[in-house]
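Trainee: With the sequence up front, the predicted model follows.
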Amino acid sequence: MKIDLGLIGSSAAVCGPAAAWAERTGFDGVWASESVTDAFLQSQAALMATSGTTVGTAIAVAFARNPMSTAYLGWDLAALSGGRFVMGLGTQIQAHVERRFSMPWGSPVARMRDFLTALDAIWSAWRTGTRLNYEGPYYRHTLMSPVFTPDRHELPIPVMIAAVGDRMTELGGELCDGLILHGMTTAAYLDEVTLPALERGLAAGSRERSQVSLYCPIFMVMGDTEEQFEAMKRKTREQIAFYASTPAYRRVLASVGYEELQPELRELSRAGEWARMGDLIDDTLLGHIAVLGRPEEMPKLCAERFAGRLDRISSYYPWPVEDDRLTDILRGFADEGQREAAR
């Protein structure tokens, strides 16, 4: 497994220095998140500040855009970076697409399929010089004048999509270079839902598992002292409770026998009882979702749980250690990967 750095909640101004630090420290990749600013702006800043690190969006909201505007962004960032950019797309949820972005919603899996197919058609037209003539159920791109055609290049633009449920996971396996999974998951859910759905998608696309990369930000609960450790556990319980209150994650809870907790958490969230919600995440459930230990234990603990399941991971939270110590820890992930490959 590769170990990456997630830049959740960062501005473009912060992403450049953070990505440069990540490259110096030994991370394999950097992921920009679309929360407080545009994920593509963050990616540009990160790419310009690095020379060899992979930089991706995890995620950019596809349905807040159209395939043409997204194609231009991916094309330019690939050219800027010499092929180090990874385009990670997600649907977001209906309320945000309609009420925050003022864009249409409906049939997210079918719409994402059309979006991905349109992207491919646009990039193919730019690469080959053939006439652009794409007409799908949601998107139509039939005009591309020479003056608006970007300079040709053959650099790869890997596309990944965010997935939790079966159908979006299948779509990723069929059409994409990777899947961006949510940290709100369990080993049981990966084995019972995610990986079988991925295999069905791979079969539909006549593809191999090696063609698809699975990335997931992991809840790594770390501390050197009991006080630090307990504070991180509390923070993680509350974050897990927030996610678990959403119906989409009831199947994740069901994978470890906690499905009845979801409606209770949902009612507490509606009442604004955030602290009480965290109290309902017991040690057993916490252990199913989070990886708990000292920072130096993370490579071994993550390999034990996720080797053979995931290809890239990051810590959901910042690493609570100084740079030199972190560099040694990151080497541990590479060592665990070599041991796994040798088995």
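Mentor: All right, it came through fine.

Trainee: Need the phi and psi values for the residue nearest the centre of the chain.
Mentor: Residue closest to the average C-alpha location in the chain (CA atoms, centre = their mean): Ile180, at 3.4 Å. When read as degrees, to the nearest 10, the backbone of Ile180 gives phi -100, psi 110.

Trainee: Quick check: beta-bridge partners of it?
Mentor: For Ile180, the beta-bridge partners under DSSP bridges are Ala162, Tyr215.

Trainee: Next, the contact list for it, please.
Mentor: Going by CB atoms under 8 Å, 6 or more residues apart in numbering, Ile180 touches Ala58, Ile59, Gly88, Gly90, Met160, Ile161, Ala162, Ala163, Tyr215, Cys216. Where C-beta positions appear, they are placed from N, C-alpha and C, glycine not excepted.

Trainee: if you set the cut-off to 10 Å instead, what comes out?
Mentor: By CB atoms under 10 Å, 6 or more residues apart in numbering, the residues touching Ile180 are 31, 56-59, 86, 88-90, 160-163, 172, 213-217, 312.

Trainee: Likewise for Thr128?
Mentor: Arg152.

Trainee: Model confidence score at it, please.
Mentor: pLDDT recorded at Thr128 is 96.

Trainee: So it versus Pro158, what's the distance?
Mentor: 19 Å (CB to CB, to the nearest Å).

Trainee: ranges for the strands of the stretch 101-250 of the chain?
Mentor: Assigned by DSSP state E, counting those that start in this stretch, the strands in the stretch 101-250 of the chain fall at 134-135, 140-141, 159-162, 178-180, 213-218, 220-222.

Trainee: quick check: mean pLDDT across the third one?
Mentor: This means strand 159-162. Averaging pLDDT along strand 159-162 yields 98.

Trainee: pretty sure Lys235 is touching Pro320, no?
Mentor: No - using CB atoms under 10 Å, Lys235 makes no contact with Pro320, being 11.6 Å away.

Trainee: that older thread, how about the strands of the stretch 101-250 of the chain, which one is nearest Gln44?
Mentor: Nearest to Gln44, of all the strands of the stretch 101-250 of the chain, is strand 159-162, at 17.5 Å by CB to CB.
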